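K.L.:
Build me a model from this:
(chains A, B and C)
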Amino acid sequence: MLQQQPITGNGPSSGRGLALNTHPRMHGLNSVHPPPHHRSDDAGLEGTENGHENRRDIGDILQQIMTITDQSLDEAQAKKHALNCHRMKPALFSVLCEIKEKTGLSMRNSQEEEPPDPQLVRLDNMLLAEGVAGPEKGGGAAAAVSAATSSGGMSPDSSLEHSDYKQKLSQIRTIYHTELEKYEQACSEFTTHVMNLLREQSRTRPVSPREIERMVAIIHRKFSSIQTQLKQSTCEAVMILRSRFLDARRKRRNFSKQATEVLNEYFYSHLSNPYPSEEAKEELAKSCGITVSQVSNWFGNKRIRYKKNISKFQEEANLYAMKTAMGATQREGSPQTPNSTGSADLFLGVPPVNGEQPGYHMGAQDLRFSERLYSPRESRTNGSWQDQNTPPSPTGSDASDNSD
DNA sequence: CATTATGATTGATT
DNA sequence: AATCAATCATAATG
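P.N.:
Numbers count the residues shown, from 1 in each chain, chains lettered A, B, ... in the order given. Here you go, the predicted model:
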């Protein structure tokens, strides 16, 4: 039933065409070699005649076959019509319905709700995160990049580095979208087709809407599995692209000077509790042109490396303490702190490895984070974040700073 | 070219 | 889920 429609559409014509085409060609072939002289006219004639008959037989058979399908379909239609018009039909139909009702328990009503395939969800998430499935071109990764670059900090490398990547990504993206669209279209087409068929059938046999629903669901499942494959291959492509181009680990880029500046300022002005809250991280990320997770990475690395040997960071600490202090004092309006050149040299008497140091860091309020962005972890109050071991140089556990 | 600096990743921990 | 600690891989530096 299902396949017959298309076949009957071009079946007969193609069959006829084939049969008709064969004739002349065979003729021509056989008469191509008319021996120059009168020679075996009989044989030649006979040969052509025989061949002609054979071909005709085949052609007839083909035609018959073709017409058979046609006829049978017509017959079927006629029978169907007759059946539909039969006076007993309604009664029989209702009986059928009843029987189905009784035996139709096989249709398990439960389990209809398919849980979303975790695999698919994963793929979807990744595509979304990668900016492939996201909103339109220019969005997603590109947006992130542009935002990063626009906000100042960003080292000038990235855009160049990313241009190639972005191009490839958008290529993948367009392919993905066209394919997806194709699938979607095919799916809906097929679905309507099936639904039409079922509707047609429902005139001669009981077909509940539930069944149609189920059918549709099955179709959708099949198509979504195809889509899953599409998504998977797209993900693979993206992964390969990533690993080739900007696997951040392979091609590490240092943050810009300004970015590290900002981060260090925050770090040293919150030295007693260098755990920026989520909001603070966002602020930092924005002003540094990096992501929040990069900020987290930075602080993680910074904390651990600062703690590991504090002496190595004394200079830096002093420097930033100075900076923030200067800023604070300047803002308060008491311009002090001369000593421009040496700056940190004043405090640079940092003994390489040894015991306590007075609090070097002068009080440093943070400048740009004047808003109240307290970190929610009040547990690690002042200076206790670097306790619990004896690093190479247990330098003065300052805690002299305030500001949070 | 060896060493250091640094951003990211990974597994454990709480 | 956030952080620590160790580690990786590359960038920067001498």
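K.L.:
what's around A:N196, how many residues?
P.N.:
Neighbouring residues of A:N196 were enumerated by other Cβ atoms under 10 Å; the total is 10. Placement of C-beta: from N, CA and C, glycine included.
K.L.:
elements contacting whichever strand or helix holds it?
P.N.:
In this structure, A:N196 sits in helix A:157-201 according to DSSP states H and E. The contact analysis (3 or more Cβ pairs under 8 Å, 6 or more residues apart in numbering; DSSP states H and E) places helix A:157-201 against helix A:140-150, helix A:209-245.
K.L.:
weakest of those in terms of mean pLDDT?
P.N.:
Taking the mean pLDDT of each of the helices and strands packed on helix A:157-201, the lowest value is held by helix A:140-150, a mean of 40.
K.L.:
Tell me the residues of chain A that contact DNA strand B?
P.N.:
Counting by Cβ under 7 Å from any atom of the strand, the residues of chain A close to DNA strand B are A:248-249, A:252-255, A:260, A:290, A:293-294, A:297-298, A:300-301, A:305, A:312.
K.L.:
Mark which of those are buried, thanks.
P.N.:
When neighbours are counted using 16 or more other Cβ atoms under 10 Å, the residues of chain A next to DNA strand B contain these buried positions: A:F255, A:T260, A:I290, A:Q294, A:W298, A:K312.
K.L.:
Out of these, give me the two with the largest separation.
P.N.:
In terms of Cβ to Cβ, these reach their longest pairwise distance at A:I290 and A:K312, which sit 23.8 Å apart.
K.L.:
Strands - which of the buried ones among the residues of chain A next to DNA strand B land there?
P.N.:
Counting by DSSP state E, these place none of their members in strands.
K.L.:
which one among those residues gets closest to A:L127?
P.N.:
For those, the closest approach to A:L127 (Cβ to Cβ) belongs to A:Q294, at 22.3 Å.
K.L.:
residue contacts, that closest one?
P.N.:
Listed by Cβ atoms under 8 Å, 6 or more residues apart in numbering, the contact partners of A:Q294 are A:F255, A:A285.
K.L.:
gap between it and A:E213?
P.N.:
Taking Cβ to Cβ, to the nearest Å as the measure, A:Q294 and A:E213 are separated by 48 Å.
K.L.:
quick one, phi psi at A:R252?
P.N.:
Phi and psi for A:R252, reported as degrees, to the nearest 10, are phi -80, psi 140.
K.L.:
A:V132: what's it in contact with?
P.N.:
The neighbourhood of A:V132, defined by Cβ under 8 Å, 6+ apart, consists of A:G140, A:L169, A:I172, A:R173, A:Y176, A:T234, A:V238.
K.L.:
gap between the third one and A:E184?
P.N.:
Okay, so that is A:I172. The spacing between A:I172 and A:E184, counted by Cβ to Cβ, is 18 Å.
K.L.:
for the buried ones among the residues of chain A next to DNA strand B, which one is nearest A:D60?
P.N.:
The nearest member of these to A:D60, counting by Cβ to Cβ, is A:Q294 at 79.4 Å.
K.L.:
where does the stretch 251-400 of chain A come near DNA strand C, residue by residue?
P.N.:
Residues of the stretch 251-400 of chain A lying close to DNA strand C (Cβ under 7 Å from any atom of the strand) are A:251-254, A:275, A:278, A:296, A:299-301, A:303-304, A:307, A:377, A:385, A:388-389.
K.L.:
Just the buried residues of the residues you listed.
P.N.:
Buried by 16+ other Cβ under 10 Å: A:Y275, A:F299, A:K307, A:W385, out of these.
K.L.:
what about the first one, which SS state?
P.N.:
Translated: A:Y275. Using DSSP: H, G, I helix; E, B strand; the rest coil, the secondary structure recorded for A:Y275 is coil.
K.L.:
neighbours around A:H177, how many?
P.N.:
As a measure of burial, A:H177 has 15 neighbours, counting by other Cβ under 10 Å.
K.L.:
just for chain A, where's the confidence low?
P.N.:
A:1-51, A:68-69, A:104-114, A:129-130, A:135-166, A:239-250, A:328, A:330-383, A:388-404 (pLDDT under 70).
K.L.:
Quickly list the domain ranges of it.
P.N.:
According to automatic domain parsing, chain A comprises the domains A:4-33+A:43-85, A:118-245, A:257-386.
K.L.:
just to revisit the earlier point, quick one: the helix holding A:N196 near DNA strand C?
P.N.:
No. Contact between helix A:157-201 and DNA strand C is absent, the nearest approach being 8.0 Å (criterion: Cβ under 7 Å from any atom of the strand).
K.L.:
Now do that helix against helix A:209-245: the angle between them, please.
P.N.:
160 degrees (axes from the mean of the first three to the mean of the last three Cα atoms, to 10 degrees).
K.L.:
and A:G131, how many residues sit next to it?
P.N.:
In terms of burial, A:G131 registers 22 neighbours under the definition other Cβ under 10 Å.
K.L.:
name the element it belongs to?
P.N.:
Secondary structure here is read from DSSP H and E; on that basis A:G131 sits in neither a helix nor a strand.
K.L.:
And the one 3 residues further on, by the same measure?
P.N.:
Using DSSP H and E, A:G134 falls within no helix or strand.
K.L.:
ok, and the closest non-adjacent residue to A:T234?
P.N.:
A:Y176 (4.8 Å; Cβ to Cβ, 6 or more residues apart in numbering).
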